[in-house]
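Colleague: build me a structure from this.
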Amino acid sequence: MSYHVQWVCQPNTHLHPNCRGSKFSWPELVGKKGKEARAIILKENPCVTNVVYAPQDAVITDNYCCNRVRLLMNCDAGCDYKNAIVFDVPIVG
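Modeller: Numbers count the residues shown, from 1 in each chain. Predicted coordinates:
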């Protein structure tokens, strides 16, 4: 039996060396397709290890992860997020 961790949230503290990067928000991605926005985010901030698609009316938790970006999309749960349009400015958190 093996245990595989897919993704671990890195809280925003100096104790986590993965909490770096030079870009933390992408206003230019509003109006872009989800798959294009995801690729740009991962390229521009290699410290981001998880890009999460979410519907525009999603309830967002307040836990901050410096290696995560949420993409709020213009669709409901279960839609084709990769081809949906980014609805709000993606930011690290």
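Colleague: ok, what's across the strand from Arg70?
Modeller: Val52 (DSSP bridges).
Colleague: so it touches Phe87, yeah?
Modeller: No: between Arg70 and Phe87 there is no contact, the gap being 10.9 Å when judged by CB atoms under 8 Å. (Glycine included, C-beta is placed from N, CA and C.)
Colleague: tell me, how many residues neighbour Val51?
Modeller: 18 (other CB atoms under 10 Å).
Colleague: leaving out chain neighbours, which residue sits closest to it?
Modeller: Using CB to CB, 6 or more residues apart in numbering and skipping residues adjacent in sequence, the residue nearest Val51 is Arg38, 4.5 Å away.
Colleague: buried residues, the helix or strand hosting the one you found. List them.
Modeller: Using DSSP states H and E, Arg38 falls within helix 34-44. Using 16 or more other CB atoms under 10 Å as the test for burial, helix 34-44 gives 34-35, 37-38, 40-41.
Colleague: so which of the residues you listed is the closest to Ala54?
Modeller: For those, the minimum distance to Ala54 (CB to CB) is 10.2 Å, reached by Gly34.
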